[in-house]
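S.K.: Here is a sequence together with a model predicted from it:
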Amino acid sequence: MSSPEETPDTIGAEEGTRGESFRNEEEQDNGGQQEGGLWSSRHQNGDMKRAAAQLIEKYYFQLTDGCGNPLCDNPNCASSGKVGPLSSNEAAGKALQLFAARAKLCEVVGAKMPRSSQSLTLGSGVNAASAQGPSSTGSTATCSLVRDVNMAGASNPSTPLPPLLPQVDELSKTPGLTEETLYLTITECRSSNNYAKLRRLLWAVFSNEVALRHSFLKNPESEERSNETLVECKDLDTTGVQSKEELRALEKDLDKDLDCAEVLCVGEGAASICDGDEKENDENQSAKNAILPSALDIGEVRRAYASLFECPEMEFGNTLMNAIVQLLSDSLSIQLRAHRDAFTAIPNNINIFIILIESPALNTTDFIEGVMPKMCRTISQLPEKDQALLVKHLATWEGSRLHRLLASLHQLITIKLLTTEFSRDFTINDEDSITSATQVMKLLFYASILGGELDTPLLKDLPSEDSSTESMPLHDDPFLGVSGAGKDWAARAPPKDSLGTELGIHVLDARTPLVPLSEFYDDFLSDQLEMDRDFAYYKAGSGDKFSFLNFPFILTAATKALGLYYDNRIRMYSERRISIYQQVIEGMPANPYLKLRIRRDHIIDDALVELEMVALENPGDLKKQMVVEFEGEQGIDEGGVSKEFFQLIVEQIFNPDYAMFCLNNETRTFWFNPNCFESDAQFTLVGIVLGLAIYNNVILDVHFPPVMYKKLCSKPGSFHDLREWNPTLYRSLVELLEYEGEDMEDVFMQTFRVGYQDVFGTSLTHDLKTDGDNILVSQSSKHEFVELYADFLLNKMVERQFRAFRRGFNMVTDDSPLANLFRPEELELLVCGSQHYDFMELMKSAEYDGGYTSETSIIQAFWELVHDMSTEDKKKLLQFTTGSARVPVGGLARLKLIIARQSSDCDRLPTAHTCFNVLLLPEYSSKEKLKDRLYKAIKYSQGFGML
């Protein structure tokens with residue numbers, strides 16, 4: 001087998017017959033030009049491989065297309081009729097056998113062969129890059145890459161090979177494909193009812209990254225002439241069939257300005273050589289002849305695809321997909337791994353991927369299964385600068401088209417999950433097709449945000465780095481000095497993503513994306529993922545293992561909540577070990593838990609005082625597992641007591657008597673009271689309570705507007721947030737914005753001074769601008785007025801209260817991946833739970849113990865009663881059995897309710913272990929008795945005792 005390690009003597013042993021045959025073929029096909037001398041004058045390994053590959057290709061097309069001579073008697077030529085039907089692989093293997101046997105090679109009738117090998121043409125784009133400075137080592141490998149793969153099995157006919165690269169007339173002179181060339185080829189193929197030339201054209205372009213990189217480029221000088229040519233061609237196509245000679249004349253005319261694009265791969269670099277009388281070999285002339293970067297004509301790409309797919313797909317579909325597969329797997333992927341810097345420095349590289357994703361076949365099943373995995377793998381290897389360019393292109397798509405591509409990626413992931421056998425040593429995180437599809441989905445995620453309606457860019461919302469809390473009144477907040485390391489708990493910046501930074505946007509900027517962000521969830525992947533293992537990879541932070549938590553948009557909120565639960569538990573165990581260490585080594589008293597001893601009648605006073613002491617003395621204790629004990633009760637807190645504690649304290653915090661929060665009667669949500677008399681410390685403690693609930697995996701019955709969670713994620717409120725905060729005010733401001741009359745000042749009589757009422761009904765005013773009472777809102781200033789008004793209501797008016805609240809929240813969650821994993825709407829779901837009470841899910845997921853089964857009569861009667869309950873009674877039942885009336889993230893199926901047999905028929909009421917979601921149900925004698933006892937139990941369910 002020929003290989004790069006062979007000596008010139010070994011190669012020369014085979015040179016005679018093959019070289020002479022090659023020379024004869026080239027002389028006949030090119031009208032006597034002595035290009036065969038190029039073979040005999042060079043004894044370099046790369047040239048030998050390329051020449052041998054040319055012969056193999058000739059044998060291949062002789063077997064598949066024939067020589068065109070109807071009187072041919074060569075038994076190895078399709079024109080003789082002696083060659084049976086062959087598949088691509090069979091023809092490739094047969095071609096290798098003919099090459100090894102030095103079989104007869106027919107003269108091609110009526111076709112001119114290119115003057116140089118296709119591999120020589122491939123260097124044009126690489127040469128353009130070499131002019132800008134990158135190493136040409138990777139470029140040289142690029143030119144002969146396909147030939148290297150083909151020659152790997154040259155002496156072993158049984159080795160399966162990919163379809164070989166054909167020779168195409170057009171590409172012997174031009175470095176890329178144009179709409180005109182494709183249309184002319186299609187027209188010729190239709191007229192002859194033979195699509196072999198189209199298949200060769202598609203293979204040559206789509207299997208060659210240089211040709212594809214320089215395809216469909218904008219050419220302003222010839223744009224008008226191209227359009228005229230297309231019109232003429234289409235007119236001829238409708239009135240009559242052109243002859244082949246006319247078509248070739250048109251092709252020659254279209255390509256006359258690109259006759260100097262022939263490039264030779266020589267040594268370690270690529271030099272451009274023109275077919276003129278003078279040949280310049282210096283670097284300046286090479287750079288002058290190199291093709292400069294040019295913009296891709298997207299319209300031309302789409303028109304070309306439209307023309308192509310008007311042809312019978314069976315004539316070109318497999319060729320196109322096979323060519324793309326070879327391009328991605330054998331060329332681009334290798335270069336990105338071995339010569340990434342040199343490859344990415346080449347101009348127009350992103351054109352390759354834009355052309356590929358514009359294909360109408362992108363969403364077909366064959367493309368998804370055969371091409372999509374390799375395309376995703378290659379795109380995922382691109383540097384973020386190129387990925388950002390791809391995102392910007394995807395952002396120009398319509399939402400429906402972007403959604404179809406997203407659905408294709410979901411389908412690919414599902415197929416791989418169903419067809420791949422995973423084991424302990426090979427998990428979902430190791431499946432390259434799934435991980436690369438997830439990385440490409442990230443590009444679609446940002447494209448959906450970038451192409452939709454954006455909120456005010458987050459970078460503009462953030463305070464300047466030199467801003468400090470000293471400019472604000474402190475209001476005697478003792479927690480300002482808690483952060484021992486100089487950390488400002490209230491000024492925590494949102495996490496950044498490098499791709500988002502490259503694009504200049506943030507996930508929180510999304511207002512109305514092209515595709516709803518919830519559509520990016522992959523439920524099947526989320527259910528199949530081993531979150532404990534994925535979380536370990538996430539915390540390791542190394543690039544060796546892929547973690548889906550680094551791509552949180554694809555995971556459901558329930559799956560991410562499980563990852564957050566692992567993080568919180570690990571932190572709790574760490575605090576417990578530290579406490580034991582301090583006890584053993586330093587002799588300090590053991591304090592492994594955050595213990596709160598509470599009196600039910602003084603729950604606010606006791607809870608806030610104890611939390612304040614902990615936060616002031618050692619805020620690290622807030623990250624210990626919380627244990628609550630109610631005085632006078634025997635309940636041991638395994639989770640259930642804490643749930644009731646949070647429920648009771650939330651009820652008291654939002655009590656109007658405390659006046660810390662105001663209730664909006666229209667939306668039934670609470671907002672900060674800007675005129676309350678409570679100190680900032682009280683709001684800090686409320687923030688601590690909210691953070692502790694998340695940290696201890698407890699759902700709260702709180703009713704904040706969505707803008708509240710947006711602000712917790714470091715994104716200030718804006719005008720559109722008023723829609724859920726105060727719908728009536730929002731509608732009135734929308735009417736103001738939609739008014740187009742020039743008499744706005746007379747109609748609305750609105751100035752930049754606004755009025756509002758405090759919780760006691762007192763009317764107050766505020767100037768949005770200096771001397772606002774004397775500035776009327778006009779057509780030119782109405783947008784400014786709306787933004788200033790919204791900023792005042794949602795941000796400035798409650799700045800002191802919210803800053804203290806957020807400080808307390810961050811004291812608990814500062815080291816948590818909460819901000820990295822959850823968007824504002826997901827954070828709301830994490831805090832408040834779902835509003836969907838589907839008790840059918842609860843029934844299907846329920847488990848039974850003590851002799852009960854789903855077929856037991858008392859169990860069937862129990863579920864019949866549950867389904868007949870009102871919504872309020874169902875909430876009471878949840879409160880009684882689980883300690884919380886809220887539905888957890890992911891639905892009631894995640895509660896895993898256990899119904900156990902407590903005893904035989906008796907008069908006792910049902911009881912529950914809320915820590916473990918266990919309902920102890922006696923086997924009552926009748927359904928009526930069960931109903932009476934059950935309703936009494938859920939009605940009088942407050943308090944804990946020992947059974």
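M.R.: Cool, the structure landed.
S.K.: hey, let's count contacts and neighbours off CA atoms from now on
M.R.: Noted.
S.K.: isn't Leu444 right up against His393?
M.R.: No. Counting by Cα atoms under 8 Å, no contact exists between Leu444 and His393, whose distance comes to 10.2 Å.
S.K.: Who has more neighbours out of those two?
M.R.: Between Leu444 and His393, counted using other Cα atoms under 10 Å, Leu444 has the larger neighbour count: 24 against 14.
S.K.: For the more buried one, give me phi and psi.
M.R.: phi -70, psi -40 (degrees, to the nearest 10).
S.K.: Could you pull up the contacting residues of it?
M.R.: Val391, Leu394, Leu402, Leu406 (Cα atoms under 8 Å, 6 or more residues apart in numbering).
S.K.: which stretches of the stretch 451-600 of the chain form strands?
M.R.: Ranges of strands in the stretch 451-600 of the chain, per DSSP state E, counting those that start in this stretch, are 453-454, 510-512, 593-598.
S.K.: for the stretch 801-947 of the chain, same thing?
M.R.: Along the stretch 801-947 of the chain, the segments classed as strands by DSSP E, counting those that start in this stretch run 847-849, 898-901, 911-913, 918-921.
S.K.: any residues touching the first one, and which ones?
M.R.: I take that to be strand 847-849. Residues outside strand 847-849 that contact it (Cα under 8 Å, 6+ apart) are Ser854, Lys896, Leu897, Ile898, Ile899, Ala900, Arg901.
S.K.: Pipe those residues into JSON lines and attach distance to Ile580, pLDDT and neighbour count per row.
M.R.: Below are those laid out as JSON lines (distance: Cα to Cα, whole Å; pLDDT from 0 to 100; neighbours: other Cα atoms under 10 Å):
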{"residue": "Ser854", "distance to Ile580": "45", "pLDDT": "87", "neighbour count": "15"}
{"residue": "Lys896", "distance to Ile580": "33", "pLDDT": "81", "neighbour count": "17"}
{"residue": "Leu897", "distance to Ile580": "35", "pLDDT": "87", "neighbour count": "23"}
{"residue": "Ile898", "distance to Ile580": "35", "pLDDT": "89", "neighbour count": "18"}
{"residue": "Ile899", "distance to Ile580": "37", "pLDDT": "90", "neighbour count": "22"}
{"residue": "Ala900", "distance to Ile580": "37", "pLDDT": "89", "neighbour count": "20"}
{"residue": "Arg901", "distance to Ile580": "40", "pLDDT": "86", "neighbour count": "19"}
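S.K.: hmm, which two among those residues are most spread apart?
M.R.: In the contacts of strand 847-849, the most distant members under the criterion Cα to Cα are Lys896 and Arg901, with 16.4 Å between them.
S.K.: Narrow the contacts of Leu444 to those in helices?
M.R.: Counting by DSSP state H, those place Val391, Leu394, Leu402, Leu406 in helices.
S.K.: Which of the contacts of strand 847-849 sits closest to Val301?
M.R.: Lys896 (54.2 Å).
S.K.: Which of the strands of the stretch 451-600 of the chain has the lowest mean pLDDT?
M.R.: When the strands of the stretch 451-600 of the chain are ranked by mean pLDDT, strand 593-598 comes last with a mean of 87.
S.K.: circling back: and of the strands of the stretch 801-947 of the chain, who's closest to Ser642?
M.R.: strand 911-913 (12.7 Å).
S.K.: what about the closest one, distance to the chain center?
M.R.: 44 Å (Cα atoms, centre = their mean, to the nearest Å).
S.K.: Walk me through which strands that strand pairs with, and which way each runs.
M.R.: Each strand paired with strand 911-913, and its direction, by DSSP bridges: strand 918-921 (antiparallel).
S.K.: mean confidence for the partner strand?
M.R.: The average pLDDT for strand 918-921 rounds to 89.
S.K.: Pull it out as PDB, backbone CA atoms only.
M.R.: Only the C-alpha atoms of strand 918-921 are listed here, as PDB (Å, rounded to 0.1, in the frame of the first residue of the first chain):
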ATOM      1  CA  VAL A 918     -46.800   9.600  54.700                       C
ATOM      2  CA  LEU A 919     -50.600   9.400  55.300                       C
ATOM      3  CA  LEU A 920     -51.600   6.900  58.000                       C
ATOM      4  CA  LEU A 921     -55.100   5.800  57.100                       C
END
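S.K.: Just put the strands of the stretch 801-947 of the chain in CSV and tack on distance to Phe704.
M.R.: Compiled in CSV, the strands of the stretch 801-947 of the chain are given as follows (distance: least, Cα to Cα, whole Å):
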stretch, distance to Phe704
strand 847-849, 35
strand 898-901, 32
strand 911-913, 30
strand 918-921, 31
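S.K.: wait, which of these is closest to Tyr60?
M.R.: strand 847-849 (66.0 Å).
S.K.: these two touch, right, Asp432 and Arg377?
M.R.: Yes. Taking contact to mean Cα under 8 Å, the distance of 7.4 Å between Asp432 and Arg377 places them in contact.
S.K.: What is the helix or strand hosting Phe785 packed up against?
M.R.: In this structure, Phe785 is located in helix 782-791 according to DSSP states H and E. Packed against helix 782-791 by the contact rule (3 or more Cα pairs under 8 Å, 6 or more residues apart in numbering; DSSP states H and E) you find helix 727-738.
S.K.: got the buried residues for the helix it packs on?
M.R.: With burial defined by 16 or more other Cα atoms under 10 Å, the residues of helix 727-738 counted as buried are Tyr730, Leu733, Leu736.
S.K.: Name the nearest residue to the second one, ignoring sequence neighbours.
M.R.: If I follow you right, that is Leu733. Residue nearest to Leu733 in three dimensions, not counting chain neighbours: Val786, with 6.8 Å by Cα to Cα, 6 or more residues apart in numbering.
S.K.: Distance check, that neighbour against Asp330.
M.R.: In this structure, Val786 and Asp330 are separated by 57 Å, where distance is defined by Cα to Cα, to the nearest Å.
S.K.: Which residue of these two possesses the greater neighbour count?
M.R.: When Val786 is set against Asp330 and neighbours are counted by other Cα under 10 Å, the residue ahead is Val786, at 21 against 17.
S.K.: For Leu71, the count of nearby residues, please.
M.R.: Around Leu71 there are 9 residues (other Cα under 10 Å).
S.K.: State the phi and psi torsions of it.
M.R.: Backbone dihedrals for Leu71, given as degrees, to the nearest 10, come out at phi -100, psi 10.
S.K.: The one 4 residues further on too?
M.R.: Backbone geometry at Pro75, expressed as degrees, to the nearest 10, gives phi -70, psi -10.
S.K.: need the contact list for the residue lying closest to it once chain neighbours are set aside.
M.R.: In space, not counting the residues next to it along the chain, Pro75 is nearest to Lys82; the distance is 5.3 Å by Cα to Cα, 6+ apart. With contacts taken as Cα under 8 Å, 6+ apart, Lys82 has the following neighbours: Asn74, Pro75, Asn76.
S.K.: which stretches of the stretch 801-947 of the chain form helices?
M.R.: 818-821, 824-832, 839-845, 857-868, 871-882, 927-939 (DSSP state H, counting those that start in this stretch).
S.K.: what about the second one, average pLDDT?
M.R.: The average pLDDT within helix 824-832 is 91.
S.K.: Just give me how far it sits from the chain centre.
M.R.: Averaging C-alpha positions (Cα atoms, centre = their mean) puts helix 824-832 21 Å from its chain's average.
S.K.: Likewise for the fifth one?
M.R.: Chain-centre distance of helix 871-882: 39 Å, with Cα atoms, centre = their mean.
S.K.: For that helix, name the packing helices and strands.
M.R.: If contacts are counted by 3+ Cα pairs under 8 Å, 6+ apart, helix 871-882 sits against strand 911-913, strand 918-921, helix 927-939.
S.K.: returning to that earlier point: Val831: which of the ones in helices among the contacts of Leu444 is nearest?
M.R.: In terms of Cα to Cα, no member of these lies closer to Val831 than Leu406, at 29.2 Å.
S.K.: how many neighbours does that closest one have?
M.R.: Leu406 has 21 neighbours, counted by other Cα under 10 Å.
S.K.: hmm, back to that, of the contacts of Lys82 - the most surrounded one?
M.R.: Of all the contacts of Lys82, Asn76 has the most neighbours under the rule other Cα under 10 Å, reaching 25 neighbours.
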